[in-house]
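1. Take a look and give me a structure for this.
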Amino acid sequence: MGAIQLDKIEKWFGEVQVIKGVDLDIRDGEFVVFVGPSGCGKSTLLRMIGGLEEISRGALRIDGKDVTSDPPSKRGLSMVFQSYALYPHMSVRDNMGFSLKTAGAPKSEMDEKVGNAARILKLEDFLDRRPKALSGGQRQRVAIGRSIVRDPTAFLFDEPLSNLDAALRVEMRYEIAKLHKALGRTMIYVTHDQVEAMTLADRIVVLEYGTIAQVGTPRELYEKPANLFVAQFIGSPAMNVMPCRTEGGELHLEGGRPSPYEGSRPATTLGVRPEHLRPAAPGQGLFDGQVEVIEYLGADTYLIVDAGPLGRITLRQLGDTEISEGEVIGVEATGPVHHFDKDGKAI
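-> Predicted coordinates for the structure are as follows:
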């Protein structure tokens, strides 16, 4: 019912190409998240699926039907934006049912669908209020409810939580996850927040300057990044990357100590997640460095180490640490180590 296929989709603004031949199959009922840096084309791609941006080349199919030239109203999709876009003079009930009213739906049908959506989103007690009497999270739920009553083939979310504070973002992320399980509908979600992407997605699509860098589950992208871009983009703090060279079955870091290397081709970059590095005695591990900054966050502590020619390296430790700022330590790897070739591809 909600399978969406993008076939060599392109978008041009004059002579500037912003979406560069994207191929993607989204399964019925799947929760797919688009992530990437600002300007990578994630919102543009979402708007092309929704029909708000014209597709320059390629084809878009929904449940096997070509809808490339169809207007938004013919695609059976519903979109939730960063802005709530609620009518201030209308009640929550009227805001949620407005699309049904303009379509000429019977009042009994409108009341039933608005009531169902309000129950799912826990808005029953607010149906007679106006938007100004609601919190930011409640307004966003009304905007989502307005989409639910239309019974769409798929939901499109364009950074819907960006205007909320940290606590509300956590609450609404939980609500959206529950909504997906309750409705079982296809959802495509655009965000720059990695936590949202990692916790909500069945699959994540990482976009890099109008192309897909990698598609996979959150675990696949975190544990097996296809290239250096994905490795550094997914994960917070970001993966530590260090220039290296490989020779005679050994990996050499500038100013560091050699370690065994069994890669299939020469590596020029070594990558290690902060949680896979730990302090050691000076002279042990991959290299030595001086602890510049200690960031205590309660459950975690981050050690920012100046490793000279290797740059600043972040170590993540559980709980507190007995290490002091200014102390020289060795740094050793305790978990997966990633290698990348001169083109940035994973080895």
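
2. Do a quick rundown of the strands in the stretch 51-200 of the chain.
-> Applying DSSP state E, counting those that start in this stretch to the stretch 51-200 of the chain gives strands spanning 57-62, 65-66, 77-80, 154-158, 186-190.

3. want to throw these into CSV with mean neighbour count?
-> No exception for glycine: its C-beta is placed from N, CA and C like everyone else's. Converted to CSV, the strands of the stretch 51-200 of the chain look like this (neighbours: other C-beta atoms under 10 Å):
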stretch, mean neighbour count
strand 57-62, 17
strand 65-66, 12
strand 77-80, 22
strand 154-158, 25
strand 186-190, 25
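
4. Quick check: which of those strands is nearest to P336?
-> Among these, strand 186-190 comes nearest to P336, with 28.0 Å by C-beta to C-beta.

5. Check which helices and strands the closest one sits against.
-> Under the contact criterion of 3 or more C-beta pairs under 8 Å, 6 or more residues apart in numbering; DSSP states H and E, strand 186-190 touches strand 31-35, helix 42-50, strand 154-158, helix 166-183.

6. Apply 10 Å and report the result again.
-> If contacts are counted by 3 or more C-beta pairs under 10 Å, 6 or more residues apart in numbering; DSSP states H and E, strand 186-190 sits against strand 16-26, strand 31-35, helix 42-50, strand 77-80, strand 154-158, helix 166-183, helix 194-200, strand 203-208.

7. Please identify which of the ones you listed is closest to G330.
-> Closest among the helices and strands packed on strand 186-190, once you apply C-beta to C-beta, is helix 194-200, at 29.9 Å.

8. Same list (the strands of the stretch 51-200 of the chain) but as CSV, adding mean pLDDT and distance to L123.
-> Shown next, in CSV, are those (pLDDT from 0 to 100; distance: least, C-beta to C-beta, whole Å):
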stretch, mean pLDDT, distance to L123
strand 57-62, 96, 29
strand 65-66, 95, 33
strand 77-80, 90, 15
strand 154-158, 93, 17
strand 186-190, 96, 19
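
9. would JSON lines of the ones you listed with distance to S135 be doable?
-> Formatted as JSON lines, the strands of the stretch 51-200 of the chain follow (distance: least, C-beta to C-beta, whole Å):
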{"stretch": "strand 57-62", "distance to S135": "35"}
{"stretch": "strand 65-66", "distance to S135": "40"}
{"stretch": "strand 77-80", "distance to S135": "17"}
{"stretch": "strand 154-158", "distance to S135": "19"}
{"stretch": "strand 186-190", "distance to S135": "22"}
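
10. quick one: strands adjacent to the helix or strand that contains L303?
-> Using DSSP states H and E, L303 falls within strand 300-306. Sheet partners assigned to strand 300-306 using DSSP bridges are listed as strand 287-296 (antiparallel), strand 312-318 (antiparallel).

11. Show me which residues of that strand are buried.
-> If you call a residue buried by 16 or more other C-beta atoms under 10 Å, then strand 300-306 has these buried ones: 301-305.

12. nearest to S108, of the residues you listed?
-> Nearest to S108 among the buried residues of strand 300-306 is Y302, at 57.9 Å by C-beta to C-beta.

13. What residues does the residue nearest to the closest one when sequence neighbours are not counted make contact with?
-> The shortest distance from Y302 to any non-neighbouring residue, by C-beta to C-beta, 6 or more residues apart in numbering, is to E295 (4.2 Å). By C-beta atoms under 10 Å, 6 or more residues apart in numbering, E295 lies in contact with 237, 301-304, 314, 316.

14. any idea which of those is least confident?
-> Among those, P237 carries the lowest pLDDT, at 91.

15. right, and A182 touches I120 too?
-> Yes. Taking C-beta atoms under 10 Å as the definition, A182 is a contact partner of I120 at 6.0 Å.
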